[in-house]
Structures are given as C-alpha cells and as structure tokens.
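Asker: I would like the atomic coordinates for the input below:
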Amino acid sequence: MNHLSGLIPSTFSKNCSLISINLGNNKFHGRLPKSLINCRSLRGLDIGNNRIQDEFPFWMERLRKLRVLVLRSNKFDGNMSLPSRTKFPFPMLQVLDISHNAFVGSLPERYFKNFRAMIEEKQRDDTKSFHDKEKNNDDYYYLSYVDMIVTLKGQDMLLNRLLDTFTTIDLSSNSFSGTIPPSIGNLKILKYLNLTHNSLTGHIPSSLGNLSELESLDLSTNKLDGEIPSELTRLTFLAKLNLSMNNLVGQIPRSNQFSTFENDSYVGNLRLCGLPLTRKCNEDDGKSMQPAKEEGDDEYEFIDGFGWRCVVMGYGSGFIVGIGIGYMIIRSGRPRWLVEFFFGVGYKYKTKKRRNRAASTHRVT
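Answerer: Below is the predicted model of the structure:
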C-alpha cells in the first residue's frame, strides 16, 4: 500500500529463506520474476492490485509449501488449463485469488483435483500450547500473522490472521468459459467460492452439494442454465448465495439455508419461480411459471392467457378485416339499412346516380 513502481527485482537467490512477500496495492509492472522459485520455503505471495502483465505462473506449482497466492487486479492473461509436468500442483494452497484479470478458456480442473489442503482435513493436535506450535511449526507462525485483502461474501476484507482452516478460491471477473467441472465438488473443506462475472455455461453441477464447509457461493453474471440442484440444500453452513443474472429455470429449493435467501440471490433469471420471487410455479411440475396474483387484481387473468403479442396480432388482423368489409359495404351498398344508418337515407341511389353521370361524361368524351 505504497506508491512503489517499476519492475519487481529478480534477485531472489538460491536457497532463499523468504517465507512471505506482500507487494500488493502498488504500481509494479512487467512480469513476475521466476527467480521466486528459489524461495522453497515461501508460504505466501500477494502482488494484488498492481500492473503486472504476464501469464499464469505455472512454475510456482513446484513451491510445495505455498499456501497463499494472490494475483488479483493485474493484467494476467492466457489459458490456465494448459498441460503441466507437475504431478501434484500446489498441494498446500489454501487461498487462490486471481480475480479481475483476463484469463480465458475453461476453468482449471486439474487444480480442483489436486488442491490437497482443500480436499483433506488436517489432523490437529489441540493440546499443544501456542508457543510450542510457534517453536516447532513455522507454518503455524505464518498462518497466524498475515495481512491480506480478500473478497468474502461480496465485500473486500483485510485479514491479518489466517487460520489453517481458512480456504477460498476467487476466479471472478475474468473471461473463463465452458462448464463448471463436477470435480470442484472434491474441495470439501472450501469455505468461499467466487466465479462471478465470467462466461460460464451449462448446468450448476450437483457435486457442489459436497462442499460441506462452504459459507459463500457466488455464480452470478454468467450464462448458466438448467435448474438449481436440490443437492445445494445440503450446504448447511451457506450464509451467502448469489445466482443472479443467469438463465436458470424451474422452482427454487426452499429447505434448510435456502429458506433464508432473499430476491437478490436470484434476480435476472426470468424463468425461475417460487419463493422468495413473486412468480408462482405450476403446482404439477414446478416448471411452468405464472406471475403472482394479488388480491383484487384481475388483470393477471388476461396477461396469463394471451400476452401482449397475441393482443397486437388480434387487433391488427381485426383492423385489416374491418377495412376490407367496410370497403365492400360501401361499394355494394348492402345491407341497405347499415349503409343508410352511417351515410344517410338515399345513399345507394345517390351513388348510383353519380356513377351514371360519370359514365355519360366518359362516352361523350
């Protein structure tokens, strides 16, 4: 949080003992120095909110002790799903924040399958005192004291204490496309997942219901379709849900935590129905929707049955037919009573007389 600029120095020598580096919120540009790979003890790297222009640092997969990787709000681009020679990438990673960059292609499924720290719960010995842990486990020291800005439940928050149970993945505001891989359901210890503002398509995978520790899920502003999986109701710790601005359909689940979410979790999905929305579902299958009808409001009966397009087509067709019939009545003068009602008595006789006069004039000419 200074005004440092220029390139990040590339002088990280072999056997570098650096544990944590935070250069966030400055004006650094250029590329991320690959000499950081010499820092085998590195637990955390935060270069968020700079002007770094580079591809995703696949070479950092070999930093086996890395727990925090924050690249947010830079100019990183490229495809994160490219093949890699690292068999078990980022085995200890707990925090991955690459939001607000320009990554493209599909979501990095290979990482979802190998983030061991988000898949397997660690065995803890709670009988040790704080000083014992600090003395015998340098990981604990790093995890206890860290300054890091992350987006949690839609808000930026400063964390200066990172517990070993804290896990988050933020891939928001990029250009990821394709479907959400079911393998993301392997991350059973994940607490925060943010995939908003991408171009993701397909259905919400039911495997997300396996994320039993999840507290916040944001899939908004994508192109997701299909129904909301009922398996998501198993997420009993879920406090924040945002599925807005997609193409979801069908009835919204209402059991467990889903009974606590308001309208803003679902806005922009025109074919969703059921509470908390005012659009009611068909009781037979929950898929057909109709606007909620308020007491004393009979206009919905008309709207449900016809719609404005049908009304316009009906008026237009009736107008054209009416003009045609009126023209034929005027030309033929029949029925006489109707013609005399609109044009006066003797209209047919007067019209015939005018026609005869016009015909005589034509013969004389």
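
Asker: What's the local residue count around residue 102?
Answerer: Counted with other Cβ atoms under 10 Å, the burial measure for residue 102 works out to 13 neighbours. Every C-beta, even on glycine, is put in place using the N, C-alpha and C of the backbone.

Asker: For it, list each beta-bridge partner.
Answerer: Under the criterion DSSP bridges, residue 102 forms beta bridges with residue 77.

Asker: same question, residue 194
Answerer: Assigned bridge partners for residue 194, using DSSP bridges, are residue 170, residue 218.

Asker: Quick check: it vs residue 169, distance?
Answerer: 7 Å (Cβ to Cβ, to the nearest Å).

Asker: what does residue 4 give?
Answerer: The span separating residue 4 from residue 169 equals 28 Å under the rule Cβ to Cβ.

Asker: repeat for residue 62
Answerer: From residue 62 across to residue 169, the span is 20 Å (Cβ to Cβ).

Asker: Against residue 99, how distant is the closest residue to residue 237 other than its chain neighbours?
Answerer: With sequence-adjacent residues excluded and distances taken as Cβ to Cβ, 6 or more residues apart in numbering, residue 237 is closest to residue 215, at 5.2 Å. Computed with Cβ to Cβ, the distance linking residue 215 and residue 99 is 18 Å.

Asker: Residue 212 now?
Answerer: Applying Cβ to Cβ, one obtains 24 Å for the distance of residue 212 from residue 99.

Asker: which stretches of the stretch 201-350 of the chain form strands?
Answerer: Per DSSP state E, counting those that start in this stretch, the stretch 201-350 of the chain carries strands over the ranges 216-218, 223-226, 240-242, 247-251, 271-273, 279-281, 289-291.

Asker: and the fourth one, what does it pack onto?
Answerer: Taking 3 or more Cβ pairs under 8 Å, 6 or more residues apart in numbering; DSSP states H and E as the contact definition, the neighbouring helices and strands of strand 247-251 are strand 223-226, strand 271-273.

Asker: Throw these into CSV and include mean neighbour count, mean pLDDT and distance to residue 264, thanks.
Answerer: Output for the helices and strands packed on strand 247-251, formatted as CSV (neighbours: other Cβ atoms under 10 Å; pLDDT from 0 to 100; distance: least, Cβ to Cβ, whole Å):
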stretch, mean neighbour count, mean pLDDT, distance to residue 264
strand 223-226, 16, 96, 17
strand 271-273, 20, 92, 13
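
Asker: re earlier: would you confirm that the residue nearest to residue 237 contacts residue 257?
Answerer: No: taking contact to mean Cβ atoms under 8 Å, the distance of 10.1 Å between residue 215 and residue 257 leaves them out of contact.

Asker: overlap in contacts of the two?
Answerer: Each of 237-239 lies in contact with both residue 215 and residue 257 under the rule Cβ atoms under 8 Å, 6 or more residues apart in numbering.

Asker: Which one's more surrounded, residue 212 and residue 99?
Answerer: For residue 212 and residue 99, the more surrounded residue by other Cβ under 10 Å is residue 99, and the numbers stand at 24 against 12.

Asker: thought the more buried one was touching residue 174?
Answerer: Yes: counting by Cβ under 8 Å, residue 99 sits close enough to residue 174 to count as a contact (7.2 Å).

Asker: How about the contacts made by the closest residue in space to residue 60 that isn't next to it in sequence?
Answerer: When the adjacent residues along the chain are set aside, residue 60 lies closest to residue 66, with 6.5 Å between them (Cβ to Cβ, 6+ apart). Residue 66 makes contacts with 42-45, 60, 90, 92-93, as judged by Cβ under 8 Å, 6+ apart.

Asker: Residue 66: helix or strand, and which one exactly?
Answerer: Mapping residue 66 onto the secondary structure by DSSP states H and E places it in no helix or strand at all.

Asker: Quick one, grab the pLDDT at it.
Answerer: The predicted structure scores residue 66 at 93 on the pLDDT scale.

Asker: Verify the stated contact: residue 107 with residue 181.
Answerer: Yes: with contact defined as Cβ under 8 Å, residue 107 reaches residue 181; the gap is 6.1 Å.

Asker: These two: which is more packed in?
Answerer: With neighbours defined as other Cβ under 10 Å, residue 107 and residue 181 compare such that residue 107 has more, 24 against 19.
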